[in-house]
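[1] Following is a predicted model, sequence given first.
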Amino acid sequence: DAKTTQPTSMDCAEGRAANLPCNHSTISGNEYVYWYRQIHSQGPQYIIHGLKNNETNEMASLIITEDRKSSTLILPHATLRDTAVYYCIVMEAGANSKLTFGKGITLSVRP
Amino acid sequence: DAGVTQSPTHLIKTRGQQVTLRCSPKSGHDTVSWYQQALGQGPQFIFQYYEEEERQRGNFPDRFSGHQFPNYSSELNVNALLLGDSALYLCASSPTGVSYEQYFGPGTRLTVT
């Protein structure tokens, strides 16, 4: 079973920041938070991951609360191409790690 | 770099038949994982192959089996197909020790009638 809870859907205006929340209240000390997204008719795509510090890459920023029980994925300037299902996944980092997807949150970016 | 490729793109089978799906991993990747995605659901982990052996398996019956070849490509076999096996089957590859960052193929859409 997925260890995370996410809203079912949200929308934002093109060019604005999209803030996608995720709750993972039972996260353990050695588990990371990973984000993937799935654009319609494509396979999932890795976005970013973090343990306890905030992380940023060319796609997004990940903000993890100090108690690590929740996190927010931020797309700073959403475009229409960011419309997708976003999955928040909690998992240990290791060679045998398997991804456990929930239903994710559907982000709709409107013109 | 072609990325992860899967074949065929679409497939229609009849209940009770057997099917084989194929996956070629991204160049430099030696670990292959398979996922099943039913309509409206997130992908569900089937199994993972490394060094031609099944390293980890999800909650799927023995009707689902796989194989990995020396060139790291992989096959997923499903026997005695059920209507409930209709889904998108996704293959993902990753390099040794970095299985969290998996690269997914476009999937094979299997329809069982």
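    Thanks, I have it. Residues are numbered from 1 along each chain as shown, chains lettered A, B, ... in the order given.
[2] how close does A:Asn23 sit to A:Lys69?
    The spacing between A:Asn23 and A:Lys69, counted by CB to CB, to the nearest Å, is 7 Å. To be clear about C-beta, it is placed using only N, CA and C from the backbone, and glycine gets the same treatment.
[3] Of these two, which one has the most company?
    Each of A:Asn23 and A:Lys69 has its neighbours counted (other CB atoms under 10 Å in any protein chain shown); A:Asn23 has more, 16 against 12.
[4] Alongside chain B, which residues does chain A contribute?
    Counting by CB under 8 Å from any CB of the partner chain, the positions of chain A adjacent to chain B are A:2, A:32, A:34, A:41-46, A:49, A:85, A:87, A:91, A:93-104.
[5] Verify the contact between A:Met10 and A:Leu20 for me.
    Yes: counting by CB atoms under 8 Å, A:Met10 does reach A:Leu20; the two are 7.0 Å apart.
[6] who has more neighbours, the two?
    Legend: neighbour count by other CB under 10 Å for A:Met10 and A:Leu20, higher for A:Leu20 (22 against 15).
[7] Which helix or strand contains the more buried one?
    In the assignment (DSSP states H and E), A:Leu20 maps to strand A:18-23.
[8] Return the distance of that strand from the chain's centre.
    7 Å (CA atoms, centre = their mean, to the nearest Å).
[9] From the contact counts, what lies against whatever helix or strand comes next after that strand?
    Read in the C-terminal direction, the helix or strand following strand A:18-23 is strand A:31-38, with elements assigned using DSSP H and E. Packed against strand A:31-38, as judged by 3 or more CB pairs under 8 Å, 6 or more residues apart in numbering or on different chains; DSSP states H and E, are the following elements: strand A:18-23, strand A:45-50, strand A:61-64, strand A:84-92.
[10] how about JSON lines for those, with distance to B:Leu11 and mean pLDDT added?
    Listed next are those as JSON lines, based on distance: least, CB to CB, whole Å; pLDDT from 0 to 100:
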{"stretch": "strand A:18-23", "distance to B:Leu11": "34", "mean pLDDT": "98"}
{"stretch": "strand A:45-50", "distance to B:Leu11": "24", "mean pLDDT": "94"}
{"stretch": "strand A:61-64", "distance to B:Leu11": "37", "mean pLDDT": "98"}
{"stretch": "strand A:84-92", "distance to B:Leu11": "24", "mean pLDDT": "94"}
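[11] most tightly surrounded among those strands?
    Per-stretch averages of neighbours, counted by mean count of other CB atoms under 10 Å in any protein chain shown, single out strand A:84-92 among those, with a mean of 22.
[12] ok now the following helix or strand past that strand, how far from the chain's centre?
    Taking DSSP H and E as the definition, the helix or strand that follows strand A:84-92 towards the C-terminus is strand A:105-110. On the basis of CA atoms, centre = their mean, the separation between the geometric centre of strand A:105-110 and that of its chain is 13 Å.
[13] got the buried residues for strand A:105-110?
    With burial defined by 16 or more other CB atoms under 10 Å in any protein chain shown, the residues of strand A:105-110 counted as buried are A:105-107, A:109.
[14] just stretch A:59-77 next, same as before
    Within stretch A:59-77, the residues that qualify as buried are A:60-64, A:68, A:70-71, A:73-75, counting by 16+ other CB under 10 Å.
[15] Find the centremost residue of chain A, please.
    A:Trp35 (3.5 Å; CA atoms, centre = their mean).
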